[in-house]
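>>> Got a predicted model here, sequence first, then my questions.
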Amino acid sequence: EAGVVQSPRYKIIEKKQPVAFWCNPISGHNTLYWYRQNLGQGPELLIRYENEEAVDDSQLPKDRFSAERLKGVDSTLKIQPAELGDSAVYLCASSHGVYGADTEAFFGQGTRLTVV
Amino acid sequence: GEDVEQSLFLSVREGDSSVINCTYTDSSSTYLYWYKQEPGAGLQLLTYIFSNMDMKQDQRLTVLLNKKDKHLSLRIADTQTGDSAIYFCAESITMASKIIFGSGTRLSIRP
């Protein structure tokens, strides 16, 4: 079974440009997460979806970041415009988050963004 | 508040045991995790423990939890070169809720 698939793996852009990341979760997983991992740090949650509903987006910088999960499957995370401080690895994860039968979150390999 | 702290580096000799320590602050945490991250790879869940347990053993891995002190440790027996990685301690209230990660401990293996 395929794991969480993210693309692209690497992205280099100039500051003030837009950028988008794509995530395909594990089939059947209704919960999807976007985390950001800065260099030398652990991942931090940006947004969590249950199906197509964003249930926790308190850490998402809404002035420049946006996310969507149409039809409750694939998700995209967008930054517009990008700033130098947005350079990080963006990780997508998914889990079969059903009350009373939660499963672990499986992580993709991430997209490494470099803003120059 | 929510915070997870762990030391940044650990160096051990091949064949010895490695012990990575972690402290957390959220007493409502139900799940405590150890993740492994190798260069260029995503996060791999190594093991987890429920907050009502004191110990969990899985082959070469032993997790100890002291809930009173909010202290979690991961022991890797017979450490091998393939164990070189960054190990993240993490916690969450449910498996589906957000996971709070520490900054990671880089484990290096000496021959």
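Sure thing, it's come through. Residues are numbered from 1 along each chain as shown, chains lettered A, B, ... in the order given.
>>> Could you check the pLDDT of residue A:97?
Model confidence at residue A:97, expressed as pLDDT, equals 69.
>>> Show me where chain A dips below the pLDDT cut-off.
Along chain A, the model assigns pLDDT under 70 to residues A:1, A:97-102.
>>> Contact partners for the residue positioned nearest the centre of chain B?
To find the centre residue of chain B, average its C-alpha atoms and take the closest one (CA atoms, centre = their mean): that gives residue B:34, at 3.4 Å. Contacts were defined as CB atoms under 8 Å, 6 or more residues apart in numbering or on different chains; by that measure residue B:34 touches B:20, B:45-48, B:61, B:63, B:72, B:74, B:87-90. Backbone N, C-alpha and C define where each C-beta goes, glycine included.
>>> Now do the strand or helix carrying residue A:21: distance to the chain's middle.
Remark: residue A:21 resides in strand A:19-24, with elements defined by DSSP states H and E. In terms of CA atoms, centre = their mean, to the nearest Å, the centre of strand A:19-24 is set 7 Å apart from its chain centre.
>>> Residue A:34 against residue A:89, yeah?
No - here residue A:34 lies out of contact with residue A:89, judged by CB atoms under 8 Å, at a distance of 11.4 Å.
>>> Looking at the two, which is more packed in?
In terms of neighbours (other CB atoms under 10 Å in any protein chain shown), residue A:34 is the more surrounded of residue A:34 and residue A:89; the figures are 26 against 21.
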